[in-house]
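**Student:** Predicted coordinates and the sequence they were generated for:
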Amino acid sequence: MPRALINWLVSAISLLIVTWFVPGFTVTGIFAALLAAVVIGFINATLGLILKIITFPLSVLTLGIFWFVINACMLMMASAMVPGFKIAGFGPAFVGAVVLSLVNMILRWFVKEVTDDKH
């Protein structure tokens, strides 16, 4: 399976997992999660990248915590565009950004381990 497809599925599954742990962070189903993963990826690759470059000094001063603020804003922006993906304010978006980062990291590690064992 192509790596981009695996990353897309992992991102969508991560979003669904976050809904279990963060009140106010809602994804109504797998289709909404898949669409949200695409939109979040696009936003992070464009506007998110620009914002992270511009705010790098602030992120260094806050030891990287400010990047979660940027990620929360990107999640809120995606939730405004994707039907079935809703975030009930900045608090759930911030906590969701932190939890999403952790879940993504764990799932990507697991997928890497599984795919490395096949080769």
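**Tutor:** Nice, thanks for sending it over.
**Student:** contacts, neighbours, all on C-alpha from now
**Tutor:** Fine.
**Student:** Low-confidence regions, this protein specifically.
**Tutor:** Residues of the chain meeting the criterion pLDDT under 70: 1, 117-119.
**Student:** mind running it again at 90?
**Tutor:** Within the chain, the ranges that satisfy pLDDT under 90 run 1-4, 6, 48-49, 52, 59, 64, 108, 110-119.
**Student:** all strands for it, in order.
**Tutor:** Ranges of strands in the chain, per DSSP state E, are 25-27, 85-87.
**Student:** Dump those to a markdown table, plus distance to M74.
**Tutor:** Output for the strands of the chain, formatted as a markdown table (distance: least, CA to CA, whole Å):
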| stretch | distance to M74 |
| --- | --- |
| strand 25-27 | 14 |
| strand 85-87 | 11 |
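**Student:** of all those strands, which lies closest to P57?
**Tutor:** P57 lies closest, by CA to CA, to one member of those: strand 85-87, at 28.0 Å.
**Student:** who does that closest one touch, helix- and strand-wise?
**Tutor:** Secondary-structure packing of strand 85-87 (3 or more CA pairs under 8 Å, 6 or more residues apart in numbering; DSSP states H and E): strand 25-27, helix 30-43, helix 65-81.
**Student:** residue contacts, A32?
**Tutor:** Residues counted as contacts of A32 (CA atoms under 8 Å, 6 or more residues apart in numbering) are V82, P83, G84, F85.
**Student:** repeat that for 10 Å
**Tutor:** By CA atoms under 10 Å, 6 or more residues apart in numbering, the contact set of A32 is A12, L15, L16, T26, V38, V82, P83, G84, F85, K86.
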